[in-house]
Each structure stands twice: as structure tokens, then as C-alpha cells.
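Q: Quick check, what structure comes out for this input:
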Amino acid sequence: MSLKFFKSLFDSFPWPWQEPNIEQNGVFFSCFLGIIALLWFLWFFVNKSKKGLPPLPPGPKALPLIGNLLSLNPELHTYLASLSQTYGPICRLWLGKKFVVIITSPSLAREVLKDQHTIFSNRDMPATAREASYGGQDIVWIPYGPKWRMLRKVCVRDMLSASTLDSVYALRRRELRQSINYFYNQAGSPVNIGEQMFLTMLNVITSMLWGGTVKGEEKASLGAEFRHAVSDLIMLVSIPNLSDFYPRLAWFDLQGLRKKMKVLANRFDKIFECMIDQRQKLDRNDGMGTGIGLGSKDFLQVLLKLKDEADAKMPLSMTELKALLMDMVVAGTDTTSNTVEFAMAEIMNKPDVLRKLQQELETVVGKDNIVEESHIRQLPYLYAVMKEVLRIHPILPLLVSRCPSETCIVGGYTVPKGSSVLVNVWAIQRDPSIWENPSEFHPERFVDSKWDYSGKDFNYLPFGSGRRMCAGTAMAERMFMYSLASLIHSFDWKLLEGETLDLSEKFGAIMKKKRPLVAVPIPRLSNPTLYERICVGTAMAERMFMYSLVSFIHSFDCKLPEGETLDLTGKFGIVLMKKRPLVAVPIPRLSNPTLYE
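A: Residues are numbered from 1 along each chain as shown. All right, here's what the predicted structure looks like:
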């Protein structure tokens, strides 16, 4: 049939070697007109459908090829805020071949994060982030779907639930008390608050991840390696990358950023592999009855157990497990330490805020006691300070960029599929139409107020909103509140002679202070022993004591020799001892004698 059709079409064409045929020419002319009419109709339909879409958001004129790259300001969050004053709450930029939409109003933020959340549930992943996240297999970058839901459940239910965070409080307390001891030993001398808090948060996070796996010198060495690796990773992610602006050039890696990130990611991977091997050896030994793993449960053990669950509908792969470890290490360190540094700078700049905080702490905690996490719920002004710090210095000023899965309409403008959508939380939380004196640090605005960071109020979104809201909010709150309360309660703070406070920000993947906060701690608690370091061998001592005592009590009944009485008096020394050694007669109580071999 098709051959006949093409033959008739071929024969109908008036070839020059054929004699003119009026009938054939008429057929050809009719076919030609039909094709022209069809093409015109298709063009008209497509053009009409395009005209039916609203225009793209307004924005500055873009140059050919480079777009608006030359007009960018290093402090991107403030530059984008200024664009909104000119072009409105939704505007656009061309960054090379990347189309970027900027949202700067609560109502439009609601459209993106809530009303059209299914379209905007995916993230626009930079090339360097792809290398750092095992190809986008972590909870931050993985596409929305069943895998993301599984990872989210692992984080919220198994790793960051209230009960899990309560169970590792001793680890947080130990690391923070060691930092307080460091500041006490530096009393009267300048200290870099942000740097020390970064170390504290890193130690806290790694202790929660594998605190039952590594100890002593190995832990200290691991902490030092992580400190440099995390700093390098955040720096690489923050550098503008041509591969993101010109995706077709990504393969060439013109700036070498992807190569550097790959080397760095391999460093992390080797550390994770080492920790996983050690954890699995401990678990095997514990399973054989050695008791080595007694009391050493940590997040890594929880994740490995989830991975090995054969009946899981969607098991956790080893790659996803390591990607989650990467998220915890990176997202849990620099974010909290930078927020604490901003808070300390703002509080030192407002002596009345410092006095109110210290008065509240003295009332609840007392100057003859140290802050515990159990005190936090009784400190409403501290909560107000935290909320105000997160308002004026949101640690992710543009949140994490969204990537619409289809072309859609936001605020009456067309947002093309695959574009990068940024929600400028920094600008929304400093909008004078919403906030009174928005540039002023004023915690009182949050005292007895409805504001919270649950993501339901789109005027205040420090942790984002919607399905992909930050999963670590509860942990961040605990670590920030406990750290800040301890610093404020334990010390007065002053600047070096002739120094002035600089509250300016430095934009990046994570917002930082432009100039590090260096201050002098002055102890203020009544008892110097409150600054002493707690024993770093507490966990090991606890495990050895519990295992030894349980084994002995389970294996034997004991009685005193005939005529002896118990003497419980102690003998003073560097280590407190019994005055008289305990001599007793063991009586085996297990049914099988081979258990004593």
C-alpha cells in the first residue's frame, strides 16, 4: 500500500524529462496546496498555544551568551533583594544558559513550596554537589519519590527523633563541657568563637555517628581530618561554576572544581569505609558473645541494621548510607557553628540583650550550676534570641534551589521546566512591610508570639517549608540552644581593646560572618570546678564496669568467709579505695560447667 502511494506521488510530480500533463499538474498543485495549508495550520496552532502562556518574569537585560553573569554581586542574597525592588516579587536572570527565577514574597513562596509542591519537589543540583553526594543519592539532592521518602523516614524516625537525640545527650554534653573548659583556660585571652564552635559541633556530630566505634587518639585524628575536609567541601560548593551555567561544557570541567571535589569526596569515602568496617567488626564480635560492642550503639550501627533488614520494602543501599553520613557531617557542623557565631556577635552588640539572657539563666540554672539541656524549655527569652538570629541571619539565605518538573505559572508568569528557582528567605525576613525595624536585632518581637520555624508561616522560613523542609531542625535547635546558653551563662565577653563588632555577612552555600568573631571570655560562675573537664574515659569506664559486674553477678553467688563482716569504709587517695580489701567465696550458679571455661 505504501509503495503504491509513494509511486503515485512520484509519478504525479512533473519531472522535466516528462511531457507536460495538465491533469498530473493539477494533482500535484492540489497536493502542494494541501501541504502548505497543513504546515500553516500547525504553525498557527503552536504559535497560538505559546501566545496563550503568560510572559516570563521580568528582569534586567541579558547579554548574548553570558546573560547577566557580569552584573552579579558577590553578596548574591542582597543583590537579588535589590532586583526585587526594581522588577517585583518575582524576577529572572540569565546566568549563561541557566534560567534563574527569584521569589521574594511570602505569597509566591507559598505557591512554590506548598501550592505547587509536587512540581517544585526536586532540587537543582550543582555539578560539585553531584560529586560530593555520591551522584545525588543523599536526602538533600535525590529526586522526590519513594527513595527520598525512605531516606527521610530514616532520618526523622531513626536518627533524629526526640528519643534518639535524648539517648545521645551525654555525647553532646561531654563535647560542650570540653569546649567550656577550653574557653576557661583561655580566660583573658582572645579566642575565635566560630572556629571553636565548629570543632565542638564536628565532635558532637561524629560522636553521634560513630561514637561507639572509635575512641581516644584515633577519634582526635579523625576529627582533625574531618575539620579540613568539611571546610574545603563547603568552599568548593560555594564557588560559581561555569559547568552549572553552561551544562554542555560540564564535561570539560573548565575550572577543575569537579575534579577537586572528586578527590575530596574520595577522602570522605575512605573514612566512611573505615568506620563501617570497624563497626561491623564490633558487631560481629558482640554477636559471638565477646561483649565488645556492649553499650556502643551509635547512628552508624542503626543505619547498618536498617541496611541489613531483609524484609524491608525498600532497603538502604551502602551508597545511600554513606551519602546520609556525608549529609550529617556537612549539614550539622558549619550551619550550627555559624549561627552560634552570629548570635554571639549580635548579643555582644546589644548589652541589654546579654543582661536579659544572663538574668534568665541565673533564675533557672543559678550561678552555682551549669546549663543542662533540661533547662532549655524553661528559657523563653533564649528561644526568642534564637528565632531572631535565624530571622536576621538565615544560614541558607536562598534555601536550596528548586527545579520545576514541568512548565508552570507562578505569580502570573511562566516558569519554564528545568529552570532554577530561588526563594530569597533573607529578603522576606527583612521585608519592612512584614517586620518592624527589620534590620534591627530585637528578640522581643518573638516573645509570646505565634512565630515558629515549622514552615507554616511563609513570612518566616529559616528552615524552609513543605515536603523538603530541613530534616535536621530538631537537632539544630538542641545544639544551638544548649551551646549558646552555656557560653552566655559561663562567661562574660568583651572585645579586644580598640576592636569594633562587624556584623556583615559573607554569602556562600552557607552564610558566614565576613570577619570571624574574636572575643575575650571572662569566667562568671561562682565555683571554678564547674569549668573542669569531665573524664573523657567515661564511656569506656561505664562499659567495662557494667560488663564486669553483670558477668560476675550472673555467674556466681558470693558469701563472706565464716566469721567475717563487711567493711564499707573508704581509704582516701588520688583514687578512692576500700580501706579493707573485699574477700569473698564464689559459688558457681550456671547449669553448664563448660560456660566457665
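
Q: Which of the helices and strands in this protein ranks last by mean pLDDT?
A: helix 2-12 (a mean of 45; mean pLDDT, DSSP states H and E).

Q: Now find how far off-centre the helix or strand where R174 lies is within its chain.
A: Counting by DSSP states H and E, the element that carries R174 is helix 169-185. Here the centre of mass of C-alpha atoms in helix 169-185, compared against the chain's by C-alpha atoms, centre = their mean, to the nearest Å, lies 23 Å away.

Q: before we move on, what about stretch 550-568?
A: Stretch 550-568 has its average C-alpha position 53 Å from the chain's average C-alpha position, going by C-alpha atoms, centre = their mean.

Q: first to last residue in it, what's the distance?
A: Chord length of stretch 550-568, first to last residue, is 21 Å (C-alpha to C-alpha, to the nearest Å).

Q: Could you give the average pLDDT over that stretch?
A: For stretch 550-568, the per-residue pLDDT values average out at 83.

Q: And stretch 284-296, by the same measure?
A: Throughout stretch 284-296, pLDDT has a mean value of 48.

Q: what do you get for stretch 106-119?
A: Taken as a whole, stretch 106-119 has an average pLDDT of 97.

Q: residues making contact with it?
A: The list of residues contacting stretch 106-119 from outside it, by C-beta atoms under 8 Å, 6 or more residues apart in numbering, reads 89-90, 103, 120, 144, 402, 404-406, 408, 410-411, 421, 423, 425, 428, 434, 455, 458-459, 461, 464-467. (C-beta placed from N, C-alpha, C; glycine too.)

Q: where's S107 relative to P126, distance?
A: Distance of S107 to P126, given as C-beta to C-beta, to the nearest Å: 28 Å.

Q: let me redo that: S133
A: In this view, S133 and P126 are 10 Å apart by C-beta to C-beta.

Q: Now do the contacts for the closest residue to F556 other than its chain neighbours.
A: What sits nearest to F556 in space, not counting adjacent residues and going by C-beta to C-beta, 6 or more residues apart in numbering, is P586, at 4.2 Å. Applying C-beta under 8 Å, 6+ apart to P586 gives the contacts F556, D557, C558.

Q: The first one contacts V585, doesn't it?
A: Spelled out, that is F556. No. Counting by C-beta atoms under 8 Å, F556 sits too far from V585 to count as a contact (9.3 Å).

Q: Confirm V101 sits in a strand?
A: Yes. Counting by DSSP: H, G, I helix; E, B strand; the rest coil, V101 is found in a strand.

Q: give me the beta-bridge partners of it?
A: The residues listed as beta-bridge partners of V101 by DSSP bridges are R92, V421.

Q: What residues of stretch 452-470 count as buried?
A: 453, 455, 458, 460-470 (16 or more other C-beta atoms under 10 Å).

Q: swap in stretch 245-264?
A: For stretch 245-264, the buried set under the neighbour-count rule, 16+ other C-beta under 10 Å, comprises F245, Y246, A250, D253, L257, R258, K260, M261, L264.

Q: Can you get me the start-to-end distance on that stretch?
A: Terminal residues of stretch 245-264 are spaced 23 Å apart (C-alpha to C-alpha).

Q: Need the mean per-residue confidence for it.
A: When pLDDT is averaged along stretch 245-264, the result is 95.

Q: Can you tell me what sits against that stretch?
A: Applying C-beta under 8 Å, 6+ apart, the contact partners of stretch 245-264 are 67, 69, 95-98, 127-128, 131-132, 229, 232-233, 236-237, 239, 241-244.

Q: and the residue nearest the centre of the chain, what does it touch?
A: Residue closest to the average C-alpha location in the chain (C-alpha atoms, centre = their mean): A331, at 2.9 Å. Residues near A331 by C-beta under 8 Å, 6+ apart: V140, G472.

Q: can you check V518 too?
A: The contact partners of V518, by C-beta under 8 Å, 6+ apart, come to P190, V191, N192, I193, L495, L496, E499.

Q: The same query, at a cut-off of 6 Å, please.
A: With contacts taken as C-beta atoms under 6 Å, 6 or more residues apart in numbering, V518 has the following neighbours: P190, N192.

Q: So what sits opposite it in the bridge?
A: In this entry, V518 is beta-bridged to N192, by DSSP bridges.

Q: count of neighbours near the closest residue in space to W426 that isn't next to it in sequence?
A: Nearest non-adjacent residue to W426, counting by C-beta to C-beta, 6+ apart: P397, 3.7 Å away. Around P397 sit 25 other residues, with neighbours defined as other C-beta atoms under 10 Å.

Q: Just give the number of residues close to G145.
A: 10.

Q: For M386, see how far away M481 is.
A: From M481 across to M386, the span is 6 Å (C-beta to C-beta).
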